[in-house]
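Asks: When you get a sec, could you give me coordinates for this:
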Amino acid sequence: TSPAFISTRKMNNKSNPASLGYRMPAEWEPHSATWLSWPHNADTWPGQDMSAVEEVYVTMVRALYPGEIVNLLVNDTETAKYVSARLRQAGVTLNSIHIHIIPTNDAWMRDYGPNSLVRSDSADPVAFNNWHFKSGGGKYPWDKDDRVGSSIAELLGIPVFRPGII
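Replies: Numbers count the residues shown, from 1 in each chain. Predicted coordinates:
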């Protein structure tokens with residue numbers, strides 16, 4: 001079956017990304033931002049000191065922010081304040097760090113986040129594939145993670161394709 005195309009405009013529900021001129025960019029192509037979710041769920045970091053895990057994320061942000069925007073998901077306002085302070089303490093200026101309150105179950109954005117699609121058309125040059133996510137077959141709670149792609153697309157105001165697969 002064809003994926004559903006969700007947009008603020010009326011589109012043909014049988015449209016798929018390729019038929020509308022979209023393609024998935026190669027991982028080595030230039031990009032403008034990286035998306036991360038702040039780690040918070042100790043159950044999915046067994047045997048790890050969460051403070052040390054957070055320090056790894058600070059190191060990643062510190063390496064990324066001079067050359068691109070870093071979008072960082074946090075669960076709530078309190079965490080946003082904590083993360084901002086932790087990054088400032090590490091010498092990170094927050095001018096290219098965008099902290100978004102989008103609740104997650106876990107930090108593995110590469111697993112549950114949407115993937116970007118691009119096209120040369122000036123109307124909607126970027127869209128997302130928003131896959132369903134079930135956390136390794138339901139090993140951990142995933143309800144919030146499964147909503148992340150839709151939340152980011154809504155935040156950015158971009159079209160979403162729902163392939164209907166996990």
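Asks: And the strands in the protein, which stretches?
Replies: For the chain, the strands defined by DSSP state E cover 4-6, 33-37, 69-74, 97-101, 115-118, 126-129, 160-162.
Asks: Let me know how buried the closest residue in space to D143 that isn't next to it in sequence is, in neighbour terms.
Replies: Taking Cβ to Cβ, 6 or more residues apart in numbering, and ignoring the residues beside it in sequence, D143 has N105 as its nearest neighbour in space, at 6.9 Å. All C-beta spots, glycine's among them, are computed from the backbone N, C-alpha and C. Neighbourhood size, N105 [other Cβ atoms under 10 Å]: 23.
Asks: Over to L73?
Replies: By the other Cβ under 10 Å criterion, the neighbourhood of L73 contains 24 residues.
Asks: now do S37
Replies: When neighbours are counted by other Cβ under 10 Å, S37 registers 28.
Asks: what do you get for the one 3 residues further on?
Replies: Using other Cβ under 10 Å, the number of residues around H40 comes to 19.
Asks: Model confidence at the closest residue to it other than its chain neighbours, what's the number?
Replies: Distances taken as Cβ to Cβ, 6+ apart place N75 nearest to H40, at 6.3 Å, with adjacent residues excluded. Looking at N75, its pLDDT is 97.
Asks: and N75, how far is that from S32?
Replies: Relative to S32, N75 is positioned 25 Å away (Cβ to Cβ, to the nearest Å).
Asks: These two: which is more packed in?
Replies: N75 (17 against 8).
Asks: For the more buried one, list the residues it contacts.
Replies: Applying Cβ atoms under 8 Å, 6 or more residues apart in numbering to N75 gives the contacts W38, H40, I101, P103, T104.
Asks: switch to 7 Å and redo it
Replies: H40, P103, T104 (Cβ atoms under 7 Å, 6 or more residues apart in numbering).
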